[in-house]
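Engineer: pasting a predicted model and its sequence here:
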Amino acid sequence: MQEARTPAQIEADIVRRREQLAETLDEIGVRMHPKTIVGDAKARVASTVDETAGRAVVAANRLWTDVRDGLRYEDGTPRIERLVPVALVAVGVIGLLVVSARRRR
């Protein structure tokens, strides 16, 4: 059985709950303010961009390492049989880009 509460206790509970409700309403007001919503959205976008950029850097670094390792022997000397075709393809692509740029002018 619960003890009967005095009017002073009931009034104190009402005051406490009003204060809690006021705090909750203030917090909701801050959270729903357009500047807060925009700021939160910007922070989420920035976080996503940072995460995506980080993944891209890791992937590019891994790709570069794999290519570099494929063009050298384990002792670090270049693998000529692989370097020559890569160099020829690079020269060909650059040549095509130059010719294409000149035709546009």
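Structural biologist: Nice, thanks for sending it over.

Engineer: so which residues of the protein form helices?
Structural biologist: According to DSSP state H, the chain carries its helices in the segments 7-32, 34-70, 80-104.

Engineer: tell me the mean pLDDT over the first one?
Structural biologist: What that stands for is helix 7-32. Helix 7-32 shows a mean pLDDT of 95.

Engineer: coming back round to it: Serialize the helices of the chain to a markdown table and add fields for mean neighbour count.
Structural biologist: Where C-beta positions appear, they are placed from N, C-alpha and C, glycine not excepted. Formatted as a markdown table, those follow (neighbours: other C-beta atoms under 10 Å):
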| stretch | mean neighbour count |
| --- | --- |
| helix 7-32 | 10 |
| helix 34-70 | 10 |
| helix 80-104 | 10 |
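
Engineer: excluding chain neighbours, give the residue nearest to residue 83 in space.
Structural biologist: Nearest residue to residue 83, sequence neighbours excluded (C-beta to C-beta, 6 or more residues apart in numbering): residue 71, at 5.7 Å.
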